[in-house]
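Enquirer: Show me the folded form of this:
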Amino acid sequence: MTAKLTRSALLLLVVMITTIACNRSLVVERVNYSQPVESVITPTDDGIIQNRRYGITFSILPIQYEELRDTSNVLVDEVRMIRDQNGFYYITASGFNHVYVMKPGTGELKLEKKISIGDQQLISPAFNWRSPVVQLIDLDQNKEFYLNHNGIIKGEDQS
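Expert: This next block holds a predicted model:
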């Protein structure tokens, strides 16, 4: 009888441990989402941006409308995009006065911050990852900015 009781207690203990282990969530901490190199993407005629390397597809038209107040045609030739360590996307293009910081969600990119880079439009923007910030340069205008998802950390005219 004690052997049966011991087996039953052992079986109950195994079931309880398995149940507890199955109900816990697996959490991986200290994830770095940063992309070391910017993506330069040409939109389709419908304004779709598809970055196969990093697995993201979206329409540039809402951002184009926010920047240029026009969606009659795709006016952006190339979209510049990079992702920081916290998972925020930084998006801009030639002719823009802003960098759009977008937070990914389920099936969406939500505007986190619209960062003004001054009165002059960008001519030849480029992003670089400079941990822990994103560097935006415009070589044609000798401008350099260091950004995070809250805004400009440091910006200067390099002329």
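Enquirer: can you pull out the helices in the chain?
Expert: Along the chain, the segments classed as helices by DSSP state H run 2-23, 61-68.
Enquirer: send the alpha carbons of the last one over as CSV?
Expert: Output of helix 61-68 as CSV, limited to C-alpha atoms (Å, rounded to 0.1, in the frame of the first residue of the first chain):
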residue,chain,number,x,y,z
LEU,A,61,1.8,57.0,-48.6
PRO,A,62,0.6,57.9,-45.1
ILE,A,63,4.1,59.2,-44.3
GLN,A,64,4.3,61.0,-47.6
TYR,A,65,1.0,62.7,-46.9
GLU,A,66,2.1,63.8,-43.5
GLU,A,67,5.3,65.3,-44.9
LEU,A,68,4.1,66.6,-48.3
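Enquirer: That one - contacts with which helices or strands?
Expert: Under the contact definition 3 or more Cβ pairs under 8 Å, 6 or more residues apart in numbering; DSSP states H and E, helix 61-68 sits against strand 98-105. Every C-beta, even on glycine, is put in place using the N, C-alpha and C of the backbone.
Enquirer: buried stuff in the strand it packs on?
Expert: Under the neighbour-count criterion of 16 or more other Cβ atoms under 10 Å, strand 98-105 has 98-102, 104 buried.
Enquirer: With pLDDT and distance to residue 43 as extra columns, can I get those in TSV?
Expert: Formatted as TSV, the buried residues of strand 98-105 follow (pLDDT from 0 to 100; distance: Cβ to Cβ, whole Å):
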residue	pLDDT	distance to residue 43
98	98	17
99	98	17
100	98	15
101	98	19
102	98	16
104	97	19
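Enquirer: Can you name the residues bridging to the residue most central in space within the chain?
Expert: Central residue of the chain (Cα atoms, centre = their mean): residue 89, 2.5 Å from the mean position. Beta-bridge partners recorded for residue 89 (DSSP bridges): residue 83, residue 102.
Enquirer: same check, this time on residue 111
Expert: Using DSSP bridges, the bridge partners assigned to residue 111 are residue 102.
Enquirer: correct me, but it touches residue 104?
Expert: No - assessed by Cβ atoms under 8 Å, residue 111 is found out of contact with residue 104, at 11.7 Å.
Enquirer: picking up where we left off before, let me see the confidence value for the residue nearest to the centre of the chain.
Expert: We have a pLDDT of 98 for residue 89.
Enquirer: check contacts around it.
Expert: 56, 81-83, 101-104, 109 (Cβ atoms under 8 Å, 6 or more residues apart in numbering).
Enquirer: Fine by me, thanks again.
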